[in-house]
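In: After the sequence you'll find the predicted model.
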Number of protein chains: 2
Amino acid sequence: LAFQVTILGTGSATPTLWRNPSAQVLHADGEYYLIDCGEGTQTQMLKYKIRPGRLQGIFITHLHGDHYFGLIGLLTSLSLGRRTAPLRIWGPPGLADIITLQLKYSGSILSFMVDFQAVDPNTSYQLFENDYFTVHTIPLTHRVHCSGYLFREKNHPRKLIKELLPPDLSTEHLKRLKEGYDVLDSSGQVSFAASQLTKPAAKPLSFAYCSDTIFDERIVPQLKNVNLLYHEATFLHTMLDWANKTYHTTALQAAQIAQMAGVGQLIIGHFSSRYKDATPLLDEARSVFLNTLLATEGETYAVTEHETATPPPLLP
Amino acid sequence: LAFQVTILGTGSATPTLWRNPSAQVLHADGEYYLIDCGEGTQTQMLKYKIRPGRLQGIFITHLHGDHYFGLIGLLTSLSLGRRTAPLRIWGPPGLADIITLQLKYSGSILSFMVDFQAVDPNTSYQLFENDYFTVHTIPLTHRVHCSGYLFREKNHPRKLIKELLPPDLSTEHLKRLKEGYDVLDSSGQVSFAASQLTKPAAKPLSFAYCSDTIFDERIVPQLKNVNLLYHEATFLHTMLDWANKTYHTTALQAAQIAQMAGVGQLIIGHFSSRYKDATPLLDEARSVFLNTLLATEGETYAVTEHETATPPPLLP
């Protein structure tokens, strides 16, 4: 099982030669999802050998260019590559208008279906689930409507302790034990206890992506115990006034969010072009939340367990 | 006087790590004009140290993404850089719709005025002139409406031969001599002959850009004696059927156009991603038209005189 994120862009709106605009790929149990798609994202995917054809879906947070100007190019390239599998796209309602207009004027019909789902930026809700994970929206506070995304593994089954298993258990019984239920006899007594025949499952892991947003404590409850949090940290705290004015977060504030939510690890990104060297942003964040990393393009970050996460309870 | 073009992108629709999509900057007597603007063009400008703020105007040939997907990002970056000078944009009518829609959804108002002029793709006409040059459209034949552009210097003034000039000539007389007119006395006789007191002016130079188009001889009269022609050469001639089907030109055909028009120099570009090494395209073109170059990103090509251009006539 892979649950990891590869960073493709760490910059913000002003283009630079040393950073690309926002984009990352989440690899979740064999499926690939793109989160934001700034200009040049398809080139970054080529560079880091992530085949765009493998994408199941794309999440766009908001309609500032550094988060989506690369999308139309990616879609037309997928079509040139003769993709046939439908592609899911989640994003602000206007995104469908923009893509549709550009396809119209290029006289193009994509080789695949786009299953577009407009995201309501005003409330948190479950946007998507498959067998492996769920995706919830995180309403953010920016100059335009903006939604972060929370990716959570579903509960894993408990692990059977093979040495202790009686030989005559049915498939149905094994399934119930793995789900944490005891197997009862006809009188309702426990024949086989899940607590004895199974080991606790691996904790379900979670990854949250919050860019772009002003410092906003209201997102903390949703981020509680998240294993890996990507939070924007556009400026140093010396630029707090400007951060507030532009609805962005300082590195210090990003770390405060991580600390309040008790997340496992914080990745900061979306750096202003004024910081060619992002180390001061890292130092500032670590003064509040030690387990912070700088987002680095081409790097893959595994979502891993951390101590504070609560294990899933045994079911009665 | 500079009249030169810097190539920023030599690729075609399918993105690669070794070529960028179409874009070039024309430097004409201190003014800078961008011609086409594929995705990533603003990064190419950074890389080759061409300040986007210096652009006077942008010409877009057609609405296939590899020719304009970088435009909206460039415009928003210029606005972030607080440009105030108006920017002229020429392109297909739909371009205004697309830009307007993207600005609307980003909640943005550009810091500068855009003077957009829709190009009629069906006929050749003068689109623009300033003191230095004129721009005419070249109707091309592609899957969507597409216009090439012809940039021509205006006639330069003749050069005064200072040693021979009588001391009492007025500024007005000098101006007329430089324009090639004789100075007459009150009886209508020639007092001072332009042919004696001046040397011929440098020939006015011309640059034409033709991408994308199927092989189409109808453009030859417009390209007659052009000093520098950029013509697309997407495929080798072995792929002629596919070139016809996709309304593109082979390297051989591009050279035939150059040869028929008697241009000074041909630059071929817009190479298919299947040719990582474009040398075979160059060899093919040179088999017909020797003075061919491969478009190379970051290279600047001066527009220079060649033998077949007719000098401007002396005026009576």
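Out: Looks like it came in fine.
In: rest of the way, CA atoms for contacts and neighbours
Out: OK.
In: How about A:S12: what's its closest non-neighbour residue?
Out: Spatial nearest neighbour of A:S12, excluding adjacent residues (C-alpha to C-alpha, 6 or more residues apart in numbering or on different chains): A:H270 at 4.9 Å.
In: before we move on, could you check phi and psi at A:Q256?
Out: phi -60, psi -40 (degrees, to the nearest 10).
In: again, but for the one 10 residues further on
Out: Comment: the main-chain dihedrals of A:L266 come out as phi -110, psi 130, following degrees, to the nearest 10.
In: quick one: contacts for it?
Out: A:L228, A:L229, A:Y230, A:H231, A:A255, A:A258, A:N291, A:T292, A:L293 (C-alpha atoms under 8 Å, 6 or more residues apart in numbering or on different chains).
In: For A:L177, what is the enclosing helix or strand?
Out: helix A:171-178 (DSSP states H and E).
In: which other residues reach that helix?
Out: Residues contacting helix A:171-178 (C-alpha under 8 Å, 6+ apart): A:P157, A:R158, A:K159, A:L160, A:D182, A:V183, A:A193, A:A194, A:L197, A:T198.
In: After it, which helix or strand is next?
Out: Following helix A:171-178 toward the C-terminus (DSSP H and E): strand A:183-184.
In: and that following strand, which strands flank it?
Out: strand A:190-192 (antiparallel) (DSSP bridges).
In: mind listing what's buried in the strand it pairs with?
Out: For strand A:190-192, a neighbour-count test (16 or more other C-alpha atoms under 10 Å in any protein chain shown) marks A:F192 as buried.
In: related to what we said a few turns ago, which one among the contacts of helix A:171-178 gets closest to chain B?
Out: Using C-alpha to the nearest C-alpha, A:P157 comes nearest to chain B of the contacts of helix A:171-178, at 42.8 Å.
In: Which strand or helix spans A:Q102?
Out: Going by DSSP H and E, A:Q102 is in helix A:94-105.
In: Could you give the bridge partners of the nearest residue to A:L282 once chain neighbours are set aside?
Out: Nearest residue to A:L282, sequence neighbours excluded (C-alpha to C-alpha, 6+ apart): A:L294, at 6.3 Å. For A:L294, the beta-bridge partners are A:I268 (DSSP bridges).
In: Could you tell me how many residues sit around A:L294?
Out: Using other C-alpha atoms under 10 Å in any protein chain shown, A:L294 is surrounded by 20 other residues.
In: quick one, what contacts it?
Out: A:I267, A:I268, A:G269, A:A278, A:T279, A:L282.
In: at 10 Å what do you get?
Out: A:L294 is in contact with A:10, A:230, A:233, A:266-271, A:278-279, A:281-283, A:285, counting by C-alpha atoms under 10 Å, 6 or more residues apart in numbering or on different chains.
In: Most neighbours among those residues, which one?
Out: Neighbour max across the contacts of A:L294 (other C-alpha under 10 Å) = A:A233, 33 neighbours.
In: Hmm, A:L282 and that one touching each other?
Out: Yes - with contact defined as C-alpha atoms under 10 Å, A:A233 counts as touching A:L282 (9.3 Å).
In: related to what we said a few turns ago, ok, the contacts of A:L266 vs chain B, which is closest?
Out: A:H231 (21.0 Å).
In: for that closest one, what are its contacts?
Out: Here A:H231 is in contact with A:148, A:208-213, A:249-251, A:253-255, A:257-258, A:266-270, A:295 (C-alpha under 10 Å, 6+ apart).
In: Out of the contacts of A:L294, which sit inside strands?
Out: A:Y230, A:L266, A:I267, A:I268, A:G269 (DSSP state E).
In: between these, which is closest to B:D241?
Out: A:G269 (48.2 Å; C-alpha to C-alpha).
In: near chain B, which residues of the stretch 51-200 of chain A show up?
Out: A:62-66, A:69-74, A:76-81, A:92-95, A:97-108, A:143-145 (C-alpha under 10 Å from any C-alpha of the partner chain).
In: And A:F151, its phi and psi?
Out: phi -110, psi 120.
In: Was I right to think it contacts A:N130?
Out: No - under the criterion of C-alpha under 10 Å, A:F151 is not in contact with A:N130, lying 11.2 Å apart.
In: More neighbours: which of the two?
Out: It is A:F151, of A:F151 and A:N130, that has more neighbours when counted by other C-alpha under 10 Å, with 23 against 9.
In: Name all residues that make contact with the more buried one.
Out: So A:F151 contacts A:3, A:26, A:28, A:126, A:128-129, A:133-137, A:205-209, A:226, A:228 (C-alpha under 10 Å, 6+ apart).
In: Secondary structure element for the residue nearest to it when sequence neighbours are not counted, which one?
Out: Counting by C-alpha to C-alpha, 6+ apart, A:F151 lies nearest to A:V135, which is 4.7 Å off, once chain neighbours are set aside. Element membership for A:V135 (DSSP H and E) is strand A:133-140.
In: Give me the sheet partners of that strand and which way each runs.
Out: strand A:126-129 (antiparallel), strand A:146-153 (antiparallel).
In: who touches whichever residue of the stretch 101-250 of chain A sits closest to chain B in this structure?
Out: Closest residue of the stretch 101-250 of chain A to chain B, C-alpha to the nearest C-alpha: A:S106 (5.2 Å). Shown in contact with A:S106 (C-alpha under 10 Å, 6+ apart): A:T76, B:H62, B:L63, B:H64, B:G65, B:G94, B:R143, B:V144, B:H145.
In: So, low pLDDT: which residues of the stretch 101-250 of chain A?
Out: Within the stretch 101-250 of chain A, no stretch falls below the threshold (pLDDT under 70).
In: hmm, back to that, what's the residue nearest to A:F151 in contact with, if anything?
Out: Counted by C-alpha under 10 Å, 6+ apart, A:V135 has contacts A:125-129, A:149-153, A:206-208.
In: same thing with A:A243?
Out: By C-alpha under 10 Å, 6+ apart, the neighbours of A:A243 are A:T213, A:I214, A:F215, A:A233, A:T234, A:F235, A:L236, A:H237, A:T249, A:T250.
In: Tell me which helix or strand it sits in.
Out: Per DSSP H and E: helix A:240-245 holds A:A243.
In: can you check A:R82 too?
Out: A:R82 belongs to no helix or strand, assigned by DSSP H and E.
In: Just give the number of residues close to it.
Out: A:R82 has 13 nearby residues by other C-alpha under 10 Å.
In: you'd agree it is up against A:M113?
Out: No - using C-alpha under 10 Å, A:R82 makes no contact with A:M113, being 11.5 Å away.
In: who's sitting farthest from the centroid in chain A?
Out: Most distant from the centre of chain A: A:S187, at 46.9 Å, with distances by C-alpha atoms, centre = their mean.
In: did I read that right, that one in a strand?
Out: No - according to DSSP: H, G, I helix; E, B strand; the rest coil, A:S187 belongs to no strand; its state is coil.
In: For it, give me its contacts.
Out: No contacts exist for A:S187 under C-alpha under 10 Å, 6+ apart.
In: now A:V135, which residues is it bridged with?
Out: A:F128, A:F151.
In: I'd like to know how far it sits from A:Y149.
Out: Using C-alpha to C-alpha, to the nearest Å, we find A:V135 at a distance of 7 Å from A:Y149.
In: list residues touching both of the two?
Out: With C-alpha under 10 Å, 6+ apart, A:V135 and A:Y149 have common neighbours A:Q126, A:L127, A:F207, A:A208.
In: and those, which are buried?
Out: Applying 16+ other C-alpha under 10 Å to the shared contacts of A:V135 and A:Y149 flags A:L127, A:F207, A:A208 as buried.
In: Is A:L26 in contact with A:L34, as I believe?
Out: Yes - with contact defined as C-alpha under 10 Å, A:L26 and A:L34 form a contacting pair (6.3 Å).
In: Now for the two: what residues contact both?
Out: Common neighbours of A:L26 and A:L34 (C-alpha under 10 Å, 6+ apart) are A:V5, A:T6, A:L55, A:I58.
In: Does A:K104 touch B:D97 like I think?
Out: No - counting by C-alpha under 10 Å, A:K104 sits too far from B:D97 to count as a contact (11.2 Å).
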